[in-house]
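> Predicted structure and sequence below. I'll ask about it afterward.
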Amino acid sequence: MWLVGNALRLPILAVPPVIPALRGELHLSGTQIGILTGLPVFLFAIAALAGMLMFSSKALTYYGNIPFRLKMVCLLLAGINMAMFHWLGTRHLETWDRGRPPRSAKLAGGASLLLWVTIVAAGRWVGFTT
């Protein structure tokens with residue numbers, strides 16, 4: 001969970017530069033912008049708390065469950081993929097508008113799609129194997 005939270009920090013911190021554009025286009029007040037930018041963190045905290053409570057109800061059962069382990073490994077890999085993309089893949093972001101995105105960005109996107117589909121499938125699979 002901690003790694004996922006850290007991985008989400010970058011996208012959440014990337015929001016402030018676009019706040020003036022959001023405020024102007026959507027005609028939002030400062031309070032509404034504050035609520036809008038704080039909402040993802042709040043919702044992630046609720047989801048993390050719910051996930052931890054669900055895990056704690058059957059921790060030993062889930063720990064031995066192969067689909068659960070697969071899901072946790074894929075979550076970890078998705079966080080690493082996102083961190084690697086943000087640190088390495090966006091170095092030359094300004095050139096993306098002039099041409100095709102670099103191969104590393106395409107690979108990171110493909111890996112992300114594959115990992116998240118696996119996470120969702122494994123999460124559904126956990127419910128049928130416990």
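Great, that's in hand.

> Need the pLDDT of the residue lying farthest from the centre of the chain.
In terms of distance from the mean C-alpha position of the chain, H27 ranks first, at 28.1 Å (Cα atoms, centre = their mean). The model reports H27 with a pLDDT of 81.

> pLDDT weak spots in this protein?
Filtered on pLDDT under 70, the chain yields the residue ranges 1-16, 37, 40-41, 89-90, 93, 96-97, 130.

> What segments of it are strands?
Here the chain has no strands by DSSP state E.

> Pop the domain breakdown of it in here.
Taking automatic domain parsing as the reference, the chain has its domains at 1-57, 58-130.

> So what's the residue count around the nearest residue to P67 once chain neighbours are set aside?
Once flanking residues are discounted, P67 sits nearest to W125: 3.9 Å by Cβ to Cβ, 6 or more residues apart in numbering. C-beta here means a position set from N, CA and C on the backbone, and glycine is covered the same way. Counted with other Cβ atoms under 10 Å, the neighbours of W125 add up to 17.

> quick one on the thing from earlier: need the winner for burial among the domains of the chain.
domain 58-130 (a mean of 14; mean count of other Cβ atoms under 10 Å).

> for the residue lying closest to S112 once chain neighbours are set aside, what are its contacts?
Here the nearest residue to S112 in space, its sequence neighbours aside, is N81; by Cβ to Cβ, 6+ apart that works out to 5.7 Å. Residues near N81 by Cβ atoms under 8 Å, 6 or more residues apart in numbering: A108, A111, S112, L115.

> among the residues you listed, which two are most distant?
Within those, A108 and L115 form the most distant pair, 10.3 Å apart (Cβ to Cβ).

> Next, the residue farthest from the centre of the chain: phi, psi?
The phi/psi pair for H27 (degrees, to the nearest 10) reads phi 50, psi 50.

> got it, and G99?
Dihedral angles of G99 (phi, psi; degrees, to the nearest 10) stand at phi -160, psi -160.
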